[in-house]
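A.B. asks: Make a model of this:
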Amino acid sequence: MEKVPQVQALLKQFPWGRIEKDGTFAEPLVRALYNVLGAEGFGYWSIPGGSNPHLKHASDPPRPAGAPCIQDTEGFEHGYMLLSDRLLTDETGWKLEKHLIPRLVFELGTEPELASKVDIADWESWYKWRNLPKESPAALLLHYPLTVYHLLVNVLHVTGPKRNSAASRQALHVHYIGAEVELNMLPLFSELALLLPYTDIKMTLFGVAVHSLVKKAKNNSIAMKAKQNQPVYTYTSPASCGASTLSIFLYGDHEDWHPRHPFIRYIYNKPDAVIGLNAGLTSYPAWQPVILYCHMYNEPFAVTEYAEQSAEQQRDSFPLIIDHILPQARLNYHGSEIHDLTRPREYLIAFNPFQCPGQRGIGQGRLPNVSNGFTIRVVGDDQ
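C.D. replies: Got it, this is the predicted structure:
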């Protein structure tokens, strides 16, 4: 319960951050207030609705009998805008008043300060750095890219805003597993290029929604680029911000990330970090080979979870998952890899300062349950 005041304080810093009598935050009401609540046609805010936190995967366990369920909007496709031939702009994506938008295209002299000169550690410092009023509801979407930043910089320590320079740039390849709603807001991940000066970021997205989207891609659509091994989105930050680049790729060959897939084994595709947001590592069997592989090859791997208690249960389950799946893995491994699999590790769990503001409305629970609420370092170089 000691995290409840932290979750509430994070929400109450925003003018729209009202806490209901049951302790929850009615995010749909805030979206409706800003006229950005809906499915198709609502830019970056597009969501399917419904009570399912993730799309159904073939390996998922069955839903308990009698469990309440509100169905998603029929026919909604995450990333549907990528089936067209044009990307959204700052205005058509955010659908907010101009002064509330964290812009990616800047007029001369309006760029944010070089990130290596400031300390961006939470929503307070980020809003100040972006010269954005707290009236802006941007945090309700930007917790996705800002959480990725936090995982890469403060959890896995694979990069940082002060690490690189114009004379010494860094190439950073991230495998992002389980992307769903993120497909509706790909340009928002450009924030990574602003936050990490002098860095060339390649981010490859995996998952059921990614596979479905690429499968439906037609000629001349943005999504078709995935079938041609081209990025579906690119961005370059202003020179004054370090001229960092972001290239987002979609992996559409399979629904899951598995070391048996040739793409994963190809050395050119080897990631510097593997991440997943609101992952549910023990709820979805498709995570098992990811856990095994990253342990075996000491691949930096971190995720977020809604609840601290869920994160703790997963931490305690990792050795059991490895023992269960290892005999089925059919991987060739050597002594050093067995050592990495079996040696003790410290699975650090921490409060995410860039979590989505506000407690989720999910029944009678009183403990914090927040989108991207808590981070877990599953595998890290400093373990």
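A.B. asks: hang on, residue 78 in a strand?
C.D. replies: No - assigned with DSSP: H, G, I helix; E, B strand; the rest coil, residue 78 falls outside any strand and is coil.
A.B. asks: mind starting the numbering at 234 from now?
C.D. replies: All right, first residue 234 from here; so that's residue 311.
A.B. asks: Could you pull up the contacting residues of it?
C.D. replies: 281, 288, 413, 414, 416, 417, 442, 445, 446 (CB atoms under 8 Å, 6 or more residues apart in numbering). For the C-beta atoms, the positions are set from N, CA and C on the backbone; glycine is no exception.
A.B. asks: Residue 282 contacts residue 272, correct?
C.D. replies: Yes - counting by CB atoms under 8 Å, residue 272 is a contact partner of residue 282 at 6.5 Å.
A.B. asks: More neighbours: which of the two?
C.D. replies: The neighbour count for residue 282 versus residue 272, taken as other CB atoms under 10 Å, is higher for residue 272 (19 against 14).
A.B. asks: Is the more buried one in a helix, a strand, or coil?
C.D. replies: Going by three-state DSSP: residue 272 is coil.
A.B. asks: List the contacts of it.
C.D. replies: 279, 280, 281, 282, 306, 309.
A.B. asks: picking up where we left off before, would you format the contacts of residue 311 as a markdown table with distance to residue 579, pLDDT and secondary structure included?
C.D. replies: Listed next are the contacts of residue 311 as a markdown table, based on distance: CB to CB, whole Å; pLDDT from 0 to 100; DSSP: H, G, I helix; E, B strand; the rest coil:
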| residue | distance to residue 579 | pLDDT | secondary structure |
| --- | --- | --- | --- |
| 281 | 37 | 90 | coil |
| 288 | 32 | 52 | coil |
| 413 | 30 | 97 | coil |
| 414 | 31 | 97 | helix |
| 416 | 33 | 98 | helix |
| 417 | 36 | 98 | helix |
| 442 | 33 | 97 | helix |
| 445 | 37 | 97 | helix |
| 446 | 37 | 97 | helix |
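A.B. asks: Just the buried ones out of these, please.
C.D. replies: Neighbour counting with 16 or more other CB atoms under 10 Å marks 281, 288, 413, 414, 416, 417, 442, 445, 446 as buried within the contacts of residue 311.
A.B. asks: Now distance to residue 523 too, for those residues, in a markdown table please.
C.D. replies: Below are these laid out as a markdown table (distance: CB to CB, whole Å):
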| residue | distance to residue 523 |
| --- | --- |
| 281 | 25 |
| 288 | 17 |
| 413 | 16 |
| 414 | 20 |
| 416 | 20 |
| 417 | 24 |
| 442 | 17 |
| 445 | 20 |
| 446 | 21 |
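A.B. asks: re the thing from before, nearest to residue 556 among the contacts of residue 311?
C.D. replies: When the contacts of residue 311 are compared for distance to residue 556 (CB to CB), residue 288 wins out at 28.7 Å.
A.B. asks: sorry, back to before: of the contacts of residue 272, the lowest pLDDT goes to which?
C.D. replies: Lowest pLDDT among those: residue 306, with 65.
A.B. asks: any idea which element residue 378 lies in?
C.D. replies: helix 372-383 (DSSP states H and E).
A.B. asks: Return the distance of that helix from the chain's centre.
C.D. replies: Put simply, helix 372-383 sits 7 Å off its chain's centre (CA atoms, centre = their mean, to the nearest Å).
A.B. asks: Residue 580 and residue 532: what is the separation?
C.D. replies: 15 Å (CB to CB, to the nearest Å).
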